[in-house]
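K.L.:
Take a look and give me a structure for this.
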Amino acid sequence: VLHEKRDLSRASDLVKMGDLAADMVLPVRIGLKQSNLHLGPGFLRDVAHPASPNFGKHWTLDEVVDKFAPSTESIDSVRHWLVSDGGINVQRLTLSDNKAWFAFDATVTEMESLLHTKYHKFRRSSDDAMLVGCDEYHIPRDVQKHIDFITPGVKLEQLHTGKVNKRNPDLPNDVFQQSAPEVRPKDPLSLNGWDCSLAMIAPCYRALYGLPQLDLGKTVNPNNTLGLYEPNKNTYIQHDLDLFYNTYAPYIPQGYHPIIKNFYGAHTPNPPNTTGPKYAPGEETLDVTLPMSLVYPQDVTVYHQGPIGGTSFIGGLFSAIDGSYCTRNHFNETVACPHLDPPKVISVSYGMGEGTEPSAWQDRTCNEILKLGLRGTTFLCASGDAGVGPDKSCNGDDHTGFLGSFPVSCPWATAVGATKFTKGGNATMHEKAIQFSGGGFSNVYEAPDYQTDAINRYFDVIGGSPYPYYEGAWNANKTGRFNRRGRGFPDVSANGLWWNMFLNGNHSSVAGTSQSIPAFAAVVNLLNEELVRPIGFLNYILYENPQVMKDITIGHNPGCHTDGFFTAEGWDPVSGLGTPDFPAMLSL
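P.N.:
Residues are numbered from 1 along each chain as shown. Next comes the predicted model:
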């Protein structure tokens, strides 16, 4: 029976380049159906809702693996199919540590026979990456109930490394990054007349959100590192960090750098005195300098995913944490699987449109985020930099259907939007939403229980929906601009306009939700430090206590040839619940 088929109704930048050689070896992964996933939201609520008697009683890795491991029937059925129908020697099969994946190498001929399909080579026009996969594939009916998806398949795998896009390629360059003259503050430890509306530095965030003042003498919790996910070629240059310290954070010693956890062939940082690459694209420099200047002397850890085998965006992060994507070779290259303890805060500045990848892969990824919440990790995602969607990429023939983003639309992530000051001045002034800040409603996931009341209040406050809408997942036959029943995003916001740093030796200012998310991650890290325990999944706490956030009531997020949504009192799909009030959050 047909198991997966590519959705050709969605806009795609894939160009089919031809068939694959019959003897080409493919690194195959089969995702097995896991147990008890339907109970996952209840498990998470039990440890994350402040009214629960088990609030804060997070699970261990073994408890998570045992609860969600596929059944013995699923493992045996899929193994039998591969051996009996596919002719795959059982010695070639590897079952992952968490029993959720079968992995093996197979030729194109073997896979085309096994899946009754045809494999092709594709070029992704946005970055010229070469990928392999098929448009559809089939598996036996009695095996189908045991399998989520198979890769490479409708979910493509990368052949050669291409450049990694910023999370919104349609964002004008002058919005994300601008050349800026080097302006040294008279005193980097205080505002001292500094205009935070023109350039943000660490004292701006401390004053704006009531963050703890710098304390170099304190003893930090060694288990409270702030985690940053960085894919593929994004990296930093140490010289840029040292220039930043010298100018804006002199309390950080020269040569200091984040803890590096490389996997899948990553190399960080870019060495300044080698024949290797010496160019930093900017994203990781921003992601590193901003939180380090706020949480120091606490550590920041970069989880840096390399290019080996074209490992899926974010998928490599989960492999580094629990090994579920590991125990195999990628295109004849051995991959190390470190089984790292997850940090208690993970910040992800990257994303993609909903529907960019197959729904089975997206659902599995969202469930992995839920599992991290069970283990006490706060998983933060940037809401994007295209309002309700970039005009030329929106849904429908007229490109007016609002876009969801992923993983920000996963209900078990905390989505972070961006704000800016309402006018020039010091950090005590009010903020408003930035027009490019991503927001809206998921076309895949329904609004979770913690959010439905907030969404209903929003539409009550603004007098009903400003646009025609539909209910349920989007498809080409739907009319309306957005999914009224969808998970709303963002959940929260932070200032995201003009962070000062150095890039490739030059002074630079950057902006976007890629700025606001490490800022909010620093807030959560500092809360964990003060509380001496991890908060974990934030959303139940925040939606139950919106008074600990500073409400944003000015701004909107245009896109898809519309004005987008407008802010309002309480939660809104532009700024979420607002920006953090650290003392109020700490008092809960």
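K.L.:
Which parts of stretch 491-503 count as buried, going by neighbours?
P.N.:
491-503 (16 or more other Cβ atoms under 10 Å). C-beta: built from backbone N, CA, C; applies to glycine.
K.L.:
Same question for stretch 116-125.
P.N.:
So for stretch 116-125, counting by 16+ other Cβ under 10 Å, buried means T117, Y119, H120, K121, F122, R123, R124.
K.L.:
what do you get for stretch 244-263?
P.N.:
For stretch 244-263, a neighbour-count test (16+ other Cβ under 10 Å) marks F244, Y245, T247, Y248, A249, I252, Y256, H257, P258, K261, N262, F263 as buried.
K.L.:
Looking at these, spot the one nearest T151.
P.N.:
F263 (18.0 Å; Cβ to Cβ).
K.L.:
Against M352, how distant is that closest one?
P.N.:
20 Å (Cβ to Cβ, to the nearest Å).
K.L.:
need the buried residues of stretch 116-125 in a markdown table with secondary structure and pLDDT, can you?
P.N.:
As requested, these are exported to a markdown table (DSSP: H, G, I helix; E, B strand; the rest coil; pLDDT from 0 to 100):
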| residue | secondary structure | pLDDT |
| --- | --- | --- |
| T117 | coil | 97 |
| Y119 | coil | 96 |
| H120 | strand | 95 |
| K121 | strand | 93 |
| F122 | strand | 91 |
| R123 | strand | 88 |
| R124 | strand | 81 |
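K.L.:
could you dump those to a markdown table with distance to L189?
P.N.:
Shown next, in a markdown table, are these (distance: Cβ to Cβ, whole Å):
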| residue | distance to L189 |
| --- | --- |
| T117 | 62 |
| Y119 | 59 |
| H120 | 58 |
| K121 | 55 |
| F122 | 52 |
| R123 | 51 |
| R124 | 46 |
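K.L.:
Which of the buried residues of stretch 491-503 fall in strands?
P.N.:
V492, S493, A494, N495, W499, N500, M501, F502, L503 (DSSP state E).
K.L.:
Pull the most distant pair out of these.
P.N.:
Most distant of these, by Cβ to Cβ, are V492 and F502, 28.5 Å apart.
K.L.:
Would you agree S508 falls within a strand?
P.N.:
Yes. Applying DSSP: H, G, I helix; E, B strand; the rest coil, one finds S508 inside a strand.
K.L.:
where exactly do the strands run in the stretch 351-500 of the chain?
P.N.:
352-353, 378-382, 405-406, 414-421, 431-433, 440-446, 469-470, 482-483, 486-489, 492-495, 499-503 (DSSP state E, counting those that start in this stretch).
K.L.:
Within the sheet, what are the partner strands of the fourth one, with directions?
P.N.:
By that I understand strand 414-421. strand 378-382 (parallel), strand 431-433 (antiparallel), strand 492-495 (parallel) (DSSP bridges).
K.L.:
What are the neighbouring residues in contact with E431?
P.N.:
L208, T419, K420, F421, T422, N495, K550, I552, T579 (Cβ atoms under 8 Å, 6 or more residues apart in numbering).
K.L.:
Just send those residues back as JSON lines, with distance to V47 too.
P.N.:
Putting the contacts of E431 into JSON lines (distance: Cβ to Cβ, whole Å) gives the following:
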{"residue": "L208", "distance to V47": "31"}
{"residue": "T419", "distance to V47": "30"}
{"residue": "K420", "distance to V47": "35"}
{"residue": "F421", "distance to V47": "37"}
{"residue": "T422", "distance to V47": "38"}
{"residue": "N495", "distance to V47": "31"}
{"residue": "K550", "distance to V47": "27"}
{"residue": "I552", "distance to V47": "29"}
{"residue": "T579", "distance to V47": "26"}
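K.L.:
of these, buried ones?
P.N.:
L208, T419, K420, F421, N495, K550, I552, T579.
K.L.:
Okay, now the unreliable bits of the stretch 201-350 of the chain?
P.N.:
Along the stretch 201-350 of the chain, the parts satisfying pLDDT under 70 run over 232-233, 268-280, 307-312, 319-320, 322-340.
K.L.:
Over to the stretch 401-550 of the chain?
P.N.:
The low-confidence ranges in the stretch 401-550 of the chain, as defined by pLDDT under 70, are 424-428, 474-477.
K.L.:
what about the helices in the stretch 351-500 of the chain?
P.N.:
359-374, 452-461 (DSSP state H, counting those that start in this stretch).
K.L.:
Could you list the buried residues of the first one?
P.N.:
Buried residues in helix 359-374, defined by neighbour count with 16+ other Cβ under 10 Å: 360-374.
K.L.:
cool, and the last one?
P.N.:
Of the residues in helix 452-461, those scored as buried under the neighbour-count criterion (16+ other Cβ under 10 Å) are A454, I455, Y458.
K.L.:
which of the ones in strands among the buried residues of stretch 491-503 lies closest to N525?
P.N.:
Nearest to N525 among these, with distances taken as Cβ to Cβ, is A494, at 13.0 Å.
K.L.:
residues touching L317, list them.
P.N.:
By Cβ under 8 Å, 6+ apart, the neighbours of L317 are Y229, Y303, Q305, I346.
K.L.:
Against E368, how distant is it?
P.N.:
9 Å.
K.L.:
do the same with N246
P.N.:
40 Å.
K.L.:
now swap in I147 and tell me
P.N.:
17 Å.
K.L.:
Next: I75.
P.N.:
Separation of I75 from E368 (Cβ to Cβ): 19 Å.
K.L.:
surely L588 meets N545?
P.N.:
Yes. Between L588 and N545 there is a contact under Cβ atoms under 8 Å: 5.9 Å.
K.L.:
Show me the common contact partners of those two, please.
P.N.:
Residues touching both L588 and N545 by Cβ under 8 Å, 6+ apart: P50.
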